[in-house]
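1. Sequence first, then the predicted structure:
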Amino acid sequence: MPELPEVETVRRGLAKVMEGAVIERAETRRGDLRFPFPANFAGRLKGRTITALSRRAKYLLADLDNHDVLIMHLGMSGSFRVLDEGTEETPGSFHHERSKDEAHDHVVFHLMQRGRHHLVIYNDPRRFGFMDMIARDRLADDKRFANLGLEPTGNSLDGAAIARLFAGKAAPLKAALLDQRLIAGLGNIYVCEALWQAGLSPKRLAGTIVKADGSSSERCKKLAHAIREVIARAIEAGGSSLRDHRLTDGSLGYFQHSFKVYDREGEPCPRPGCKGTIRRIVQSGRSTFHCPVCQR
DNA sequence: CCTTGAACCTGGGCGC
DNA sequence: TGCGCCCAGGTTCAAG
């Protein structure tokens, strides 16, 4: 599922019931996801208040009212579902809202926020996701976070940033954009989409869009703009629901309807005037979808 | 430093 | 209906 737009969509849904909530109970239904849960995971969460829910790259970070941060990653198939259990007097709807796929409900947070109970359920069929908890002051040096690159949201990703990151790089653009140490949060879908929008071939070597003196170029600017626009529009759309991605209320994202190239092998290139056909190639062991005619 | 391939795991789709 | 194969949004590690 989840690249930056999906994770950000999930973050926004979870923040509504998690920020300011007390964790009355945390329940793990097996000993591990991708990795074992940290020692005494449930015990360390019990009674804590979540002060803020943020995102870095594809990670969700729940700040607790002590020294700890709860780290959550959705892997390929993770999703969160929020069930409103209501108040003591007016029980909520969760008894008829439970997901069908309870076999893969691996973690349940029982939350109390401003007098309302909520269940936050983590479901992950493939279990490539994980949760961890570390002291907040170790976050910056944690190897998962220390080397993360620029966020493609906000204003920092511009042509000059692309030029600085890509100067001298021999890797193809596809690989460079997937490299979380350069730009953080892009995945297979949005890299394909951004390259199409920028009119750049995924096979072109990253260093070749930078000017000889290492400064920005039209191609750098176009790429920076394309990435930011694709990511922003995907977040607005609630992300892309191919298989597992759900908003926290159970509804589907709809950016998949806006794909120009991803999973559209054999279809005509949607660029006005372009007579190309979308091709699928394999780079770094993953599918790349592109138009060989207008992406150069 | 680079790239590639495999591994982790379940399930959906397809051809037969 | 079933079986085998390929594929899938991510990350990490080993090997060349």
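-> Yes, it's here. Computed from a predicted model, the values in this text were never measured in an experiment.
2. C-alpha only now, for contacts and for neighbours.
-> OK.
3. Which positions in the stretch 1-150 of chain A make contact with DNA strand C?
-> A:M1, A:P2, A:E3, A:E6, A:A57, A:K58, A:Y59, A:G75, A:M76, A:S77, A:F128, A:R144 (CA under 7 Å from any atom of the strand).
4. Narrow these to those that are buried.
-> For these, a neighbour count by 16 or more other CA atoms under 10 Å gives the buried set as A:M1, A:P2, A:E3, A:E6, A:A57, A:K58, A:Y59, A:G75, A:M76, A:S77.
5. Return only those of these found close to DNA strand B.
-> Of these, not one also sits near DNA strand B (CA under 7 Å from any atom of the strand).
6. residues in contact with the residue in the stretch 51-200 of chain A that DNA strand C sits nearest to?
-> Residue nearest to DNA strand C within the stretch 51-200 of chain A (CA to the nearest atom of the strand): A:G187, separated by 3.0 Å. If you count contacts by CA atoms under 8 Å, 6 or more residues apart in numbering, A:G187 has them with A:E3, A:L4, A:L178.
7. Save these as JSON lines, and put in secondary structure, distance to A:L53 and pLDDT too.
-> Shown next, in JSON lines, are these (DSSP: H, G, I helix; E, B strand; the rest coil; distance: CA to CA, whole Å; pLDDT from 0 to 100):
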{"residue": "A:E3", "secondary structure": "coil", "distance to A:L53": "17", "pLDDT": "97"}
{"residue": "A:L4", "secondary structure": "helix", "distance to A:L53": "15", "pLDDT": "98"}
{"residue": "A:L178", "secondary structure": "helix", "distance to A:L53": "25", "pLDDT": "97"}
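8. Between the residues you listed, which sits nearest A:Q283?
-> Nearest to A:Q283 out of those is A:L178 (CA to CA; 10.9 Å).
9. Against A:R12, how distant is the closest one?
-> Relative to A:R12, A:L178 is positioned 24 Å away (CA to CA, to the nearest Å).
10. Do a quick rundown of the strands in chain A.
-> A:22-28, A:50-56, A:59-64, A:68-73, A:79-86, A:105-113, A:116-123, A:130-135, A:279-283, A:286-290 (DSSP state E).
11. can I get the ones you listed in CSV with mean pLDDT?
-> Converted to CSV, the strands of chain A look like this (pLDDT from 0 to 100):
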stretch, mean pLDDT
strand A:22-28, 98
strand A:50-56, 98
strand A:59-64, 98
strand A:68-73, 98
strand A:79-86, 92
strand A:105-113, 98
strand A:116-123, 98
strand A:130-135, 98
strand A:279-283, 95
strand A:286-290, 96
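12. Out of the ones you listed, flag the one nearest A:I209.
-> strand A:286-290 (17.7 Å).
13. Name the residues that touch that closest one?
-> A:174, A:188, A:192, A:195-196, A:201-202, A:261-265, A:278-282.
14. and if we set it to 6 Å?
-> With CA atoms under 6 Å, 6 or more residues apart in numbering as the test, strand A:286-290 has contacts from A:V261, A:Y262, A:I278, A:R279, A:R280, A:I281, A:V282.
15. any bit of it sitting next to DNA strand C?
-> Yes - using CA under 7 Å from any atom of the strand, strand A:286-290 reaches DNA strand C at A:R286, A:S287.
16. Can you list the strands that that strand pairs with?
-> strand A:279-283 (antiparallel) (DSSP bridges).
17. Okay, A:R11 and DNA strand C: tell me how far apart.
-> With distances taken as CA to the nearest atom of the strand, to the nearest Å, A:R11 is found 15 Å from DNA strand C.
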